[in-house]
Each structure stands twice: as C-alpha cells, then as structure tokens.
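Peer 1: Everything below, folded, please.
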Amino acid sequence: MKTPIGVAEMISPDLKLDHKHDAKQDTKQDILQHLLKRGEVTAQDLAEKLDISPQAIRKHLKDLETEGLIYHTAEQAGMGRPQFIYALTTAGRDRFPDSYNQFAVNFLDTLIDTLGKEQVSEVLQKQWQRKAQHYKLQLGGGSLKQRLEKLAEIRRSEGYVTEWFPVEGTEGFIFTEYNCAIAHVAESFPSVCGHELEMFATVLERPVERTHWMVNGEHRCGYLIPNK
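Peer 2: So this is what the prediction gives:
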C-alpha cells in the first residue's frame, strides 16, 4: 500500500516533492521534441509555440546547452543584433529512440560475410514484408486518412516522433518521421530504407514517394502518399 504523501513527509522531513522540477523537465522535453521536428528554431519561435515567456525559454535553452543537448549558431539579420538559431546535438537526438546499437550493424556485417549480400537483402526484405502484414492487420479498413492516422499512432507507440498532414491543393498526404529506429543500420546499409518504403506502400495500398531522407543529411524522413 502506498504511503500517503503527508505521512511520507513526516517520516522523512527531508523529502522534497518538487513539482516545479517535474514541470521544468517536461518543458525541456517539449523543447527537444520541437527541435527534433523543426530542425532549427529561434527562442522566439519556441516561446510562441510552447506559450512560455521568452525569458523562461532562454533559461531552458541555456540549461540544455550546458547539458550538451543543443547548440546555437548566430545569424545576422540586417543591422541589428544577431539572431540565435538552436538545433539538437547528437546527444540531444539520442534522447529519442533513433538507432539500433552497433551490435545490429556488426551482426549484419557478419551475415553478409557468411551468407552474401544478396541473401541478406532478401532476409531484410522478408522482415519488412512481415512488418507490413502486421501493420495491415492493425489498420483494418477505412479511408486513407483514417489508416494514416492509425499508422501514425502505431509508430508513435513504437517510439517514433511522427506526424502527417494533407498536401494543400491536392488529395495527397505527407507522412513525416523525425527519428529513425534504423538510422545506424541505414548509414551502412541504405537498402533497408528502400524496403521500408515498400512496406509503407504495401500497408497504405498506394505508391509512396520519399520527399526527405535522413541518410542524405536531412533532419527528417518524409513520404508523399497520393489519395488515388
């Protein structure tokens, strides 16, 4: 049985229930996630997005920079003071599930040495096909919009930072992911991204076109899905 908070404080007078600290950590996590999604932002952008005063945002940014999770660059705009642009460091990105560890890469290297590159590629393709069937069972029927929403929910439950939105003036949609569970693997074996693209096409029953790719140095992977 849990000890009531008041009793716990009497038993341990030094116990501090710091709700402000929790709120501060939540705000920092919100900042990191916004940077993950947008790539680069200003303090003013963050203040407006998170509805926090610019002074408070700058304090959080200073703390995050001290922790090595973000960095800033100065951008000169006209004759005034330079504007600071903030982005995630590698350590900041590591706060989100974004890669298998080095073991996965080494394991694939060993498989290629043992079985050959073509056979390993076939194994990876079959793995993505199994993943596609698993997703399709979870998505069920419904419109493309409904299935995209469900797919985004599933991917978020797996640790991805995902969003989707309609393309203005068309009947298509953009599906975006800001972190990648196979990032380290993709650096050594970019073909796995092709299998993932095929997986999305199978799941959504539409041709899928890649618009952005982390392997090319971009801060997100994006996919265009036509609704036809």
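
Peer 1: Would you map the helices across the protein?
Peer 2: Per DSSP state H, the chain carries helices over the ranges 5-11, 19-38, 43-50, 54-66, 90-93, 102-115, 117-139, 144-157, 183-188, 191-204.

Peer 1: Out of these, which one sits most buried?
Peer 2: helix 191-204 (a mean of 18; mean count of other C-beta atoms under 10 Å). Heads up, the C-betas are built off the backbone N, CA and C, glycines and all.

Peer 1: closest to residue 74 out of the helices of the chain?
Peer 2: Comparing these by their distance to residue 74 (C-beta to C-beta), the top pick is helix 43-50, with 12.4 Å.

Peer 1: that older thread, now for the helices of the chain, which one comes closest to residue 175?
Peer 2: Per C-beta to C-beta, nearest to residue 175 of the helices of the chain: helix 144-157, 6.3 Å.

Peer 1: Run through who's touching that closest one.
Peer 2: 135, 138-140, 142, 162-164, 166, 173, 175, 177, 203-204, 206, 225, 227 (C-beta atoms under 8 Å, 6 or more residues apart in numbering).

Peer 1: then it to CSV, C-alphas only?
Peer 2: Only the C-alpha atoms of helix 144-157 are listed here, as CSV (Å, rounded to 0.1, in the frame of the first residue of the first chain):
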residue,chain,number,x,y,z
LEU,A,144,-6.6,6.5,-46.5
LYS,A,145,-6.9,9.4,-44.0
GLN,A,146,-8.1,7.0,-41.2
ARG,A,147,-5.4,4.5,-42.0
LEU,A,148,-2.7,7.2,-41.9
GLU,A,149,-3.9,8.4,-38.5
LYS,A,150,-3.8,4.8,-37.2
LEU,A,151,-0.4,4.2,-38.7
ALA,A,152,0.9,7.3,-37.0
GLU,A,153,-0.5,6.2,-33.7
ILE,A,154,1.2,2.8,-34.0
ARG,A,155,4.6,4.3,-35.0
ARG,A,156,4.4,6.7,-32.0
SER,A,157,3.7,3.8,-29.7
